[in-house]
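A.B. asks: Got a predicted structure here, sequence first:
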Amino acid sequence: MNLPAAPDPVTHHGGCHCRRVRFALDAPAQIEVLDCNCSVCRMTGHLHLIVPATRFRLLQGEAALAEYRFNTGAARHLFCRHCGIKSFYVPRSHPDGYSVNARCLDPGTVASMRVIAFDDHDREAALAAIAHLSHESS
């Protein structure tokens with residue numbers, strides 16, 4: 001059985017509001033993002049584009065980043081200490097990858113965006129459905 005080929009990745013760029021933090025990542029032009037209903041994602045409007053760490057590059061602004069951890073302390077919520085925007089972070093669900101806020105991507109490389117609900121109230125089932133996202137073959 002032949003599986004369909006993965007779409008060719010493009011390089012997306014993005015960052016925070018004041019542009020002190022800038023990053024690049026490789027992902028398809030047609031992206032799928034997760035809309036999580038946990039308290040922090042709901043309050044910040046983060047739309048998760050999860051990629052393996054090997055597909056993410058911090059281009060500038062490491063010194064501008066501050067970190068926030070809560071609950072289990074596993075997730076590393078990183079935000080710009082100047083403008084307050086969390087353009088990416090290391091999620092608890094994928095500690096070997098990054099969750100980029102699709103709303104922080106520069107215009108021009110996203111051909112389409114499909115938003116998928118992530119129900120944090122049924123975390124086990126939701127995690128099972130996205131376990132593949134931070135692996136290199138995704």
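C.D. replies: Right, received. Where do you want to start?
A.B. asks: May I have the residues that are in contact with the nearest residue to residue 114 once chain neighbours are set aside?
C.D. replies: Spatial nearest neighbour of residue 114, excluding adjacent residues (CB to CB, 6 or more residues apart in numbering): residue 32 at 4.7 Å. In this view, the C-beta of every residue, glycine as well, is placed from N, C-alpha and C. Residues near residue 32 by CB atoms under 8 Å, 6 or more residues apart in numbering: 49, 113-114, 116.
A.B. asks: List buried members of those residues by neighbour count.
C.D. replies: residue 49 (16 or more other CB atoms under 10 Å).
A.B. asks: Throw the contacts of residue 32 into JSON lines and include pLDDT, thanks.
C.D. replies: Formatted as JSON lines, these follow (pLDDT from 0 to 100):
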{"residue": "49", "pLDDT": "96"}
{"residue": "113", "pLDDT": "96"}
{"residue": "114", "pLDDT": "94"}
{"residue": "116", "pLDDT": "88"}
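A.B. asks: want to throw the contacts of residue 32 into a markdown table with secondary structure and distance to residue 19?
C.D. replies: As requested, the contacts of residue 32 are exported to a markdown table (DSSP: H, G, I helix; E, B strand; the rest coil; distance: CB to CB, whole Å):
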| residue | secondary structure | distance to residue 19 |
| --- | --- | --- |
| 49 | strand | 19 |
| 113 | strand | 22 |
| 114 | strand | 27 |
| 116 | strand | 29 |
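A.B. asks: so which of the contacts of residue 32 comes closest to residue 39?
C.D. replies: residue 116 (19.2 Å; CB to CB).
A.B. asks: Now do the strands in this protein.
C.D. replies: Along the chain, counting by DSSP state E, strands occupy 9-15, 22-28, 30-36, 47-52, 56-60, 65-68, 76-80, 88-90, 97-101, 112-118.
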